[in-house]
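> Provided below for reference: sequence and predicted model.
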Amino acid sequence: MAPKAKEKAKATPTPTPTSASAPASQMEDLFTSLNRHIQNQNYEQAVKVSDQVLALSPGDVDAWRCKVVSLIKADNIDKALLTIQDSERKNRSIDFSFDKAYCLYRKNNLDEALESLKGKEETSATMLLESQILYRMGRMEACMDVYQKLQKFKIESLEINVVAGLVTAGRASEVQGMMDVLNVKPTSSFELAYNTACSFIEKTNYTDAEQYLLTARRIGQETLMEENWADDEIEIELAPITVQLAYVQQLLRHPQEAMETYLDVINKNMDDDLSLAVAINNLIALRGPKDASDGLRKIDKLIEKADESQGFQFARGLDMKLSSKQKEAICSNRVLLLLHANKIDQARELVAALLNMFPGSVMPILLQAAVLVRENKAGRAEEILGQFADKLPEKSKVLLMARATIAATAGHPQIAADSLLRIPEIQHMPATVATLVALKERVGDIDGASYVFDEAIRWWSNAMSEENKLDVIMNEAASFKLKHGREEEAAKLYEDLVKSHGSVEALVGLVTTAARVDVDKAEAYEKQLKPLPGLKGIELDKLEKTAGAEGGVRNVEVIEEGKAKTKTKKKRKRKPRYPKGFDPANPGPAPDPERWLPKRERSSYRPKRKDKRAAQVRGSQGAVSKEKQEVSATSTSSNVTNSKPNQPSTSKPEQPKVSSKSSRKKSRK
């Protein structure tokens, strides 16, 4: 939890010498009224009374100070700054540098606020304000230096801010030691328990973080109920704990519980804009690319100005409440949602604005590369990532990894390999070595791939690591060299493995490899191989009659002491694969065994019956129709023409055929 700004400055007006024109009784009444309004926290009326005092006595220091403090208390920061500037013109003896710094801090003009505090006496108030400014600027080391100085002052709840500063500075491991120095327990308040949970999150100890968050919520509920807070006010005050607990559940792989909590916070629309923003962002991250349009609608609730060309302006004062890291995460998620929604132009404009908003971060650069890849400009993305890797050497690792990924996907293996070779801390890891060798092989650079293996072997030979990967690298290197015809180098590697690790696999590899280049060495090492149990010998005559090296050794009889045994390969039983939705316990009626046969070949097939009415003869009994006579004559002449010479035709005249179409029409009548 970020430390809260201290706003406990109180104005206690005291009568000052007045001008001759102002009656003393009138001034006394005004100051009495001013004091009453301040005590009742009626700051708008206090400003009006202060103006009345200044109208009678323009140089009254207390009236100026009461007016400025009342405007700050009323959250009228712009008017407070104008009042300070007006007082400096009319009365330069009044020192408003602290109030001016606080107003600039509230307006997020942090550089000006820090400049206004320069030269001020190091009191507890000025140092607290300075720590707040440095905290918001992200200068955590300087902030922690100020907190160290503040420990000599007995400031209430300072440990809450100190722990928050350590967590934000990336020094979560120092939290427990600092609490021991300050002699406080993590459960002394719900704020401190919350900040302790955040330190465990930074150390990736999510289980303990969850326990401290549950404790913080319980202590917070008990404390606020004792102070007679309303239920809705308690829920708003503990909203950061609720959202952080959902975040831990998300990390512990309980996505459904986390999603329900996020949606509950969003739907209730609590009067805690910071927690609402975090819940929306985490929900989008949890859902991923699903329903990008809904995610964009939710993020738009946090935006006051959605003009990507002019930057990303947050609504409702979130710009001052969110840390730089949180702002960057929300902006990045918006870019990704725009890409998933296929709104490339808007994504490109927002990325251009993010490069100016977060100049020292690599995330806008990665997002720019992602937009270019989406536009099928992988080459341009590789170029940009390479340029920024040169400009930001301390952050080049992630940029070069992204460049290698894009290049490998785009079919540029040489660029991918060069990018990985520029990351010395991972260059000799087994996964990186395997990737580099595969990329070098793809471009045909066998010498380069072999050199990668040689460098990795040399590095692991000198590495003082508990998990030494030398044997793994040497085994893979020997297999690679043997594959590419470098038998002597492979045999040397296998021999080194046998001498250093005594591996049976390496011994087998050495014997088979050395047999190609040095038979004597192969025979010498072959004696170290243990004989197979029960094996007495092999019939060489039958071995010579086999197919040889090309087809492999087949049908070799192994002679055992008592009898010859031939192994039969067992056929593996496979479980039957059923159709989707089929229940083997309730299969239902058996399928028709003839279901794959054509219909005319099935036993149940019945041809269609011809319509007998088509062949009816009209006329007197025994008469032959003219049409039938014509068809019979035509059929006879045709058969005669097609018959063989010197053979009488025996064909009978064909009957006239009735079309199925006409028969169907008749059958309907």
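The structure has been received and is ready for your questions.
> Now Q211: phi and psi?
phi -60, psi -40 (degrees, to the nearest 10).
> Could you report the pLDDT at it?
We have a pLDDT of 94 for Q211.
> buried stuff in stretch 459-474?
459-460, 469-471, 473-474 (16 or more other CB atoms under 10 Å). From N, CA and C alone the C-beta is placed, and that goes for glycine too.
> and stretch 442-453, what's its mean pLDDT?
90.
> Oops, could you answer that again for stretch 603-621 instead?
67.
> What of stretch 263-283?
88.
> where does it sit relative to the chain's centre, distance-wise?
20 Å (CA atoms, centre = their mean, to the nearest Å).
> Tell me the buried residues in it?
265-266, 270, 272-283.
> next one: stretch 418-437
418-423, 427-429, 432-433, 435-437.
> Take the buried residues of stretch 459-474 and keep only those in helices.
Members of the buried residues of stretch 459-474 lying in helices (criterion: DSSP state H): 459-460, 470-471, 473-474.
> nearest to K290, of those residues?
I473 (41.5 Å; CB to CB).
> How about that closest one, nearest residue that isn't a chain neighbour?
Nearest non-adjacent residue to I473, counting by CB to CB, 6 or more residues apart in numbering: A456, 4.9 Å away.
> Who are the contact partners of the one you found?
427-428, 433, 473, 477 (CB atoms under 8 Å, 6 or more residues apart in numbering).
> if we take the buried residues of stretch 263-283, which one ends up nearest to N161?
Looking across these and measuring by CB to CB, the closest to N161 is L274, at 16.8 Å.
> which helices and strands does the strand or helix carrying R36 pack with?
Assessed by DSSP states H and E, R36 sits inside helix 24-39. Secondary-structure packing of helix 24-39 (3 or more CB pairs under 8 Å, 6 or more residues apart in numbering; DSSP states H and E): helix 43-56, helix 61-73.
> quick revisit: can you tell me which of the buried residues of stretch 263-283 is nearest R297?
Closest to R297, out of all of the buried residues of stretch 263-283 and judged by CB to CB, is I280, at 10.0 Å.
> ok, now how distant is that closest one from K377?
Distance from I280 to K377, counting by CB to CB, to the nearest Å: 31 Å.
> try I344
Distance check for I344 against K377: by CB to CB, it reads 11 Å.
> got it, and A164?
43 Å.
> more neighbours, those two?
Each of A164 and K377 has its neighbours counted (other CB atoms under 10 Å); A164 has more, 25 against 15.
> Just to check, that one is in contact with N195?
Yes - assessed by CB atoms under 8 Å, A164 is found in contact with N195 at 5.2 Å.
> Contacts for stretch 242-261, please.
194, 197-198, 201, 206-207, 209-210, 213-214, 217, 262, 265, 275, 278-279, 282-283, 286-287.
> now do 7 Å
Contact partners of stretch 242-261, identified using CB atoms under 7 Å, 6 or more residues apart in numbering, comprise 197, 201, 206, 209-210, 213, 262, 265, 275, 278-279, 282-283, 286.
> will you turn the residues you listed into a markdown table that also has distance to I234?
Listed next are the contacts of stretch 242-261 as a markdown table, based on distance: CB to CB, whole Å:
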| residue | distance to I234 |
| --- | --- |
| A197 | 19 |
| I201 | 24 |
| Y206 | 26 |
| A209 | 22 |
| E210 | 21 |
| L213 | 16 |
| Y262 | 20 |
| V265 | 14 |
| S275 | 14 |
| V278 | 19 |
| A279 | 18 |
| N282 | 22 |
| L283 | 23 |
| L286 | 26 |
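> any low-confidence regions in the stretch 251-400 of the chain?
Applying pLDDT under 70 to the stretch 251-400 of the chain picks out residues 305-312, 316.
> how about a cut-off of 80?
For the stretch 251-400 of the chain, the stretches with pLDDT under 80 are 270, 304-317, 319-320.
> ok, G360 - how many residues close by?
Neighbour tally, G360, other CB under 10 Å: 8.
> pretty sure it belongs to a strand, no?
No - looking at G360 with DSSP: H, G, I helix; E, B strand; the rest coil, it is coil, so not inside a strand.
> which residue ranges form the strands in the stretch 201-350 of the chain?
303-305, 313-314 (DSSP state E, counting those that start in this stretch).
> What separation do you get for the most centrally placed residue in the chain and I77?
By CA atoms, centre = their mean, the chain has its centre lying nearest to A285, at 7.0 Å. In this view, A285 and I77 are 34 Å apart by CB to CB.
> swap in P607?
Distance from P607 to I77, by CB to CB: 98 Å.
> These two: who's more crowded?
I77 (16 against 6).
> so the more buried one touches Y105, yeah?
No - counting by CB atoms under 7 Å, Y105 is not a contact partner of I77; they are 9.6 Å apart.
> quick one: which helix or strand includes E159?
helix 158-168.
> elements contacting that helix?
Other helices and strands packing on helix 158-168, by 3 or more CB pairs under 7 Å, 6 or more residues apart in numbering; DSSP states H and E, are helix 140-150, helix 175-182, helix 190-202.
> which of the ones you listed is buried the deepest?
helix 190-202 (a mean of 23; mean count of other CB atoms under 10 Å).
> how big is the angle separating that one from helix 158-168?
Taking axes from the mean of the first three to the mean of the last three CA atoms, to 10 degrees, one finds helix 190-202 and helix 158-168 inclined to each other by 20 degrees.
> Look at the closest residue in space to N108 that isn't next to it in sequence and say how many residues are nearby.
In this structure, N108 finds its nearest non-sequential neighbour in M320, 4.9 Å apart by CB to CB, 6+ apart. Counted with other CB under 10 Å, the neighbours of M320 add up to 14.
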